[in-house]
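S.K.: Requesting a structural model of the entry that follows:
(2 chains)
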Amino acid sequence: NAGVTQTPKFQVLKTGQSMTLQCAQDMNHNSMYWYRQDPGMGLRLIYYSASEGTTDKGEVPNGYNVSRLNKREFSLRLESAAPSQTSVYFCASSEAGSENSPLHFGNGTRLTVT
Amino acid sequence: AQSVTQLDSQVPVFEEAPVELRCNYSSSVSVYLFWYVQYPNQGLQLLLKYLSGSTLVKGINGFEAEFNKSQTSFHLRKPSVHISDTAEYFCAVSSNTGNQFYFGTGTSLTVIP
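M.R.: Numbering: from 1, shown residues only, chains lettered A, B, ... in the order given. The predicted structure follows:
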């Protein structure tokens, strides 16, 4: 029962490097989300995808891009990493994009940018 | 827009004592409310949710929460905590007009033996 799977679990980048965080869900959910978690700030939405083929900006989209590759997969790309992007990144999914459907989270990717 | 305030960033409590974690929200529309728990180095897991109906909601691990519309609150309670309840707890809100969830800044619950 995998749920939401994120890779990698840990990553260290130098300023200016690029990378893609991968996320896949096996629950046939329509909606997928990327959050970042920083101490004292809770979770902040970066981007979300209400359904396959659509993406929308969240609260903190600058410096990121996303791709909804298919219904299962939603990737987050950092084109030119900055120290301010050091954070823990969580992918989540929910059923049918419904507001009353809870989010299901992956275990996170801990990213450090030096 | 919606917002969530968790009034206590850290709550220490002795084992077997009761605990209440406070959550207030602001919104101009009807909302759905959630509590999530995060154990160290893990993602968030749903504890309970309020969608409609009874204002007292029971969740997993003996937790419950009460929705109070007049006070715009959704406080989480447990009558007797265990060491295993030590974790970070997040209150979240979503509206019935959008596709976004808004999270509080979290409350770190530490259960002391």
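
S.K.: Show me which residues of chain B sit near chain A.
M.R.: Neighbours of chain A within chain B, by Cβ under 8 Å from any Cβ of the partner chain: B:4, B:6, B:9, B:32, B:34, B:36, B:41-46, B:49, B:51, B:90, B:92, B:94-101, B:103-106. Every C-beta, even on glycine, is put in place using the N, C-alpha and C of the backbone.

S.K.: Can you flag the buried ones in those?
M.R.: B:4, B:6, B:32, B:34, B:36, B:43-44, B:46, B:49, B:51, B:90, B:92, B:94-95, B:99-101, B:103-106 (16 or more other Cβ atoms under 10 Å in any protein chain shown).

S.K.: what number of residues lie near residue A:49?
M.R.: Neighbour count for residue A:49, taken as other Cβ atoms under 10 Å in any protein chain shown: 22.

S.K.: which residues does it bridge with?
M.R.: residue A:32 (DSSP bridges).

S.K.: doesn't residue A:55 make contact with it?
M.R.: Yes: judged on Cβ atoms under 8 Å, residue A:49 makes contact with residue A:55 at a distance of 4.8 Å.

S.K.: Identify the contacts common to the two.
M.R.: Common neighbours of residue A:49 and residue A:55, using Cβ atoms under 8 Å, 6 or more residues apart in numbering or on different chains, are A:66, A:68.

S.K.: Could you list the low-confidence segments of chain A?
M.R.: In the predicted model, chain A carries pLDDT under 70 at residues A:1, A:96-100.

S.K.: Would you mind listing what in it touches chain B?
M.R.: A:4, A:31, A:33, A:35, A:40-45, A:48, A:50, A:56, A:58, A:90, A:92, A:97, A:99-100, A:102-108.

S.K.: Are any of these buried, and if so which?
M.R.: Here, 16+ other Cβ under 10 Å leaves A:4, A:31, A:33, A:35, A:42-45, A:48, A:50, A:58, A:90, A:92, A:97, A:99-100, A:102-108 buried among the residues of chain A next to chain B.

S.K.: of all of chain A, which residue lies closest to chain B?
M.R.: In chain A, the residue that lies nearest chain B is residue A:105 (3.5 Å; Cβ to the nearest Cβ).

S.K.: So that residue sits against residue B:39, correct?
M.R.: No: with contacts counted by Cβ under 8 Å, residue A:105 stays clear of residue B:39, the gap being 11.6 Å.

S.K.: Next, show the common contact partners of those two.
M.R.: residue B:45.

S.K.: residue closest to the middle of chain B?
M.R.: Geometric centre of chain B, nearest residue: residue B:35, 3.6 Å, by Cα atoms, centre = their mean.

S.K.: is that residue in a bridge, and if so with what?
M.R.: On the basis of DSSP bridges, residue B:35 is bridged to residue B:48, residue B:91.

S.K.: State the distance from it to residue A:57.
M.R.: Distance of residue B:35 to residue A:57, given as Cβ to Cβ, to the nearest Å: 27 Å.

S.K.: ok, the residue of chain A closest to chain B to residue B:111 distance?
M.R.: Residue A:105 is 23 Å from residue B:111, by Cβ to Cβ.

S.K.: can you give me the helices for chain B?
M.R.: Applying DSSP state H to chain B gives no helices.

S.K.: In chain B, what residue comes closest to chain A?
M.R.: For chain B and chain A, the shortest gap (Cβ to the nearest Cβ) falls at residue B:43, measuring 3.5 Å.
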